[in-house]
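In: Here is a sequence together with a model predicted from it:
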Amino acid sequence: MNAAAANPPPRWRALLGNVAALALLLVAALALLPLHDADWWPASPRPRQWWLAAGWVAAYLGASAWLLRRARPMAVETLDHDAALPWLVVHASQTGFAAALAAQTAAALRAAGLQVALLPLASVDAAVLARTGRALFIVSTTGEGDPPDPALPFVRAAMARPAALGTLQYAVLALGDRGYAHFCAFGHQLEQWLRQCGARALFDLTEVDNGDPGALRHWQHHLAQAAGADAMPDWTPPRYESWTLASRRLLNPGSLGGPAFHLALHPPAGGTPSWQAGDIAEVGPRNPPAEVEQWLAARGLDGAATVLVRGEATPLREALSRSRPPEAGGRVADPQALADALQPLPHREYSIASLPGDGALELLVRQMRRDDGRPGLGSGWLCLHALPGAPVDLRIRSNPNFHPPADPRPLLLIGNGTGIAGLRALLKARERAGARRNWLLFGEREQARDAFFDADLQRWRASGVLERLDAVFSRDPGGPRYVQDALRAAAPALREWIAAGASIYVCGSLEGMAPGVDAVLRETLGDGPLEQLRAQGRYRRDVY
């Protein structure tokens, strides 16, 4: 069965466990029989024993009902059919895993102060979606690409016809098993129907292979961004390794955009990490050292005191640096009590700009600012506070959806801003594979300041690795202003490349660039052909 049952055990295992438990109880009862050395009472129990037994049975049934109620991932909520729904979390599950993830998703949004309705897909129709602002769908696939049984009413009633969903923003978490030919098929079918109905994606569909925790963290990373919940803690914190920040260089001094830094990191001593072009670096950020010392001083604590964090002895200073700021308060007598109450900071994701053979893991990070002017959590740590030579918590996450093609087919790479990092790694992989039919369209603000990795691009252009390079800068005079404008101007060449079997890879901003490029592709190629490219794996995106 192609269902996301990575965490919940298969039903046959649960049944086998119940049978084994009953068998053990029977063996125990037989073993205890010799202890009854008195004669058996042949008559019916006395009334007092009847009432006692009835009481115990009632208590058992009451406790079982309470436990079952608590174990249910959600209860069907009652909706006001006239009210607008700001957030809707919907699940369709064959084994219960999707329902459990939906409950976690809804709980995370509620903890961020948002109003959320949580429903099974069978309780949703087009009318409900039409009055919903944002909907998150967590759905599994069963069999050879079929929807799970609880989704069938929605498939037959809603997905059988178009709906007017132009005001809906959505995201899909698709659960499946790559061992089957039609991986996450129902999630893709649902997303295609939503797009055809005019709904707009909050972020790209997230595929989960057998409950992969990295993919679930990726879903939560996007969820936190969409909800504006910067400090939403990870459900399953990554097991980081301690990398070393080898160098950091500002690439665009004086830019009209935010400062962008080229970082190089070295792996732990003796480590031989491996990754592919398109993979992601998950970074565990830290709080500024000065803020950590202020918290310690305010509570009268010694930062060098040893505390246990997930079973490991850690200086309190280190524990605080990796955790959400504790609530304001006076002096704390017990450092361990403080450490026990800390919540780890959520991870941040960055496209890797290099290959293992380059000798370092390279990133391109733009320094972001929060609404109050403070540096962003991840970019502030990497661009401002971590000093060269300092340890950086990092883990590599495989991102197979953005790995380069295995064959030398033509490749059209489209991106903007720091999205050039992921495209640079793809071009490096293409160069090493001898695949020379590559076309890059890249956009930024000013050519004089924001031509990231220009030396690499010009070298590839001169050597023939890049058959075509279109770089556009929105703040420079003349010419197309944005990547999508340059793509529209090159429509005849786009059709030729697609006819020659080219794949399209898009990396960069979800706001503006990615939907603009998608619109031009649909305008040039048509909705049906573009959906066919997506189904064939020839249209891939890594946008944020």
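Out: Looks like it came in fine.

In: Run a quick neighbour tally on Gly187.
Out: 27 (other C-beta atoms under 10 Å). Using the backbone N, CA and C atoms, a C-beta is placed for each residue, glycine as well.

In: Might you report the residue contacts of it?
Out: Phe137, Val139, Thr141, Val172, Leu173, Ala174, Leu175, Gly176, Leu205, Glu207 (C-beta atoms under 8 Å, 6 or more residues apart in numbering).

In: Let me know the secondary structure of it.
Out: Following DSSP: H, G, I helix; E, B strand; the rest coil, we place Gly187 in the helix state.

In: contacts for stretch 244-256?
Out: 259-266, 360, 364, 382-383, 386-392, 445-446, 449-450, 452, 475.

In: for Cys184, phi and psi?
Out: When read as degrees, to the nearest 10, the backbone of Cys184 gives phi 60, psi 30.

In: can you check Gly389 too?
Out: The phi/psi pair for Gly389 (degrees, to the nearest 10) is phi 100, psi -10.

In: And the pLDDT for it?
Out: Per-residue confidence at Gly389 stands at 95 (pLDDT).

In: now the one 5 residues further on
Out: We note a pLDDT of 97 for Leu394 in this prediction.

In: State the next helix or strand along the chain beyond the helix or strand bottoming out on mean pLDDT in the chain.
Out: For the chain, the helix or strand with the lowest mean confidence is helix 47-71, at a mean of 53 (criterion: mean pLDDT, DSSP states H and E). Using DSSP states H and E, the helix or strand that follows helix 47-71 in sequence is strand 85-92.

In: Buried residues, that following strand. List them.
Out: Buried residues in strand 85-92, counted by 16 or more other C-beta atoms under 10 Å: Leu85, Trp87, Leu88, Val89, Val90, His91, Ala92.

In: right, and out of those residues, which lies closest to Pro375?
Out: Distance to Pro375 across the buried residues of strand 85-92 (C-beta to C-beta) is lowest for Trp87, with 28.4 Å.

In: Now the closest one: closest residue in space that isn't a chain neighbour?
Out: Nearest residue to Trp87, sequence neighbours excluded (C-beta to C-beta, 6 or more residues apart in numbering): Val116, at 4.5 Å.

In: how about low-confidence regions in the stretch 1-150 of the chain?
Out: 1-83 (pLDDT under 70).

In: Setting aside sequence neighbours, what's the nearest residue to Arg200?
Out: Arg200's closest residue in space is Gln169 (C-beta to C-beta, 6+ apart), at 5.2 Å.

In: Against Gln94, how distant is the one you found?
Out: Gln169 sits 27 Å away from Gln94, going by C-beta to C-beta, to the nearest Å.

In: Give me the more crowded residue out of the two.
Out: Gln94 (25 against 18).

In: Does the more buried one lie in a helix or a strand, and which?
Out: Short version, using DSSP H and E: Gln94 is in no helix or strand.

In: Quick one: residues contacting Gly434.
Out: Contacts of Gly434 by C-beta under 8 Å, 6+ apart are Pro408.

In: Could you check the pLDDT of it?
Out: Looking at Gly434, its pLDDT is 96.

In: do Ala341 as well
Out: pLDDT, Ala341: 86.

In: Trp219 now?
Out: 94.

In: again with Asp371
Out: Reported pLDDT for Asp371: 81.

In: ditto for Gly211
Out: Per the predicted model, pLDDT is 89 at Gly211.

In: Likewise for the one 3 residues further on?
Out: As predicted, Gly214 sits at a pLDDT of 89.

In: Quick check: the nearest residue to it once chain neighbours are set aside vs Ile280, distance?
Out: Distance criterion C-beta to C-beta, 6+ apart; nearest residue to Gly214, sequence neighbours excluded, is Arg397 at 4.3 Å. Distance, Arg397 to Ile280, by C-beta to C-beta: 5 Å.

In: Likewise for Gln294?
Out: 33 Å.

In: Surely Pro391 touches Leu265?
Out: No: the pair Pro391 and Leu265 does not pass the contact test of C-beta atoms under 8 Å, sitting 9.9 Å apart.

In: more neighbours, those two?
Out: For Pro391 versus Leu265, the count of surrounding residues by other C-beta under 10 Å is larger for Leu265: 23 against 16.

In: which parts of whichever helix or strand that one is part of are buried?
Out: Element membership for Leu265 (DSSP H and E) is strand 260-266. Across strand 260-266, burial judged by 16+ other C-beta under 10 Å covers Ala260, Phe261, His262, Leu263, Ala264, Leu265, His266.

In: Next, format the residues you listed as JSON lines and append distance to Ala305 and pLDDT.
Out: Listed next are those as JSON lines, based on distance: C-beta to C-beta, whole Å; pLDDT from 0 to 100:
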{"residue": "Ala260", "distance to Ala305": "39", "pLDDT": "97"}
{"residue": "Phe261", "distance to Ala305": "34", "pLDDT": "98"}
{"residue": "His262", "distance to Ala305": "38", "pLDDT": "98"}
{"residue": "Leu263", "distance to Ala305": "32", "pLDDT": "98"}
{"residue": "Ala264", "distance to Ala305": "34", "pLDDT": "98"}
{"residue": "Leu265", "distance to Ala305": "30", "pLDDT": "98"}
{"residue": "His266", "distance to Ala305": "30", "pLDDT": "97"}
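
In: Pipe the residues you listed into a markdown table and attach distance to Ile498 per row.
Out: Converted to a markdown table, the buried residues of strand 260-266 look like this (distance: C-beta to C-beta, whole Å):
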| residue | distance to Ile498 |
| --- | --- |
| Ala260 | 32 |
| Phe261 | 36 |
| His262 | 33 |
| Leu263 | 35 |
| Ala264 | 36 |
| Leu265 | 37 |
| His266 | 41 |
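
In: What sits closest to Phe154 if chain neighbours are left out?
Out: Leu121 (4.7 Å).

In: Equivalent analysis for Asn401, please.
Out: Nearest to Asn401 is Arg540, by C-beta to C-beta, 6+ apart, at 5.8 Å.

In: about what we covered before: roughly how far apart are the residue nearest to Arg200 and Trp87?
Out: 10 Å.

In: Equivalent analysis for Gly478, please.
Out: 44 Å.

In: And Leu426, by the same measure?
Out: 35 Å.

In: Then Arg459?
Out: Using C-beta to C-beta, Arg459 is found at 48 Å from Trp87.
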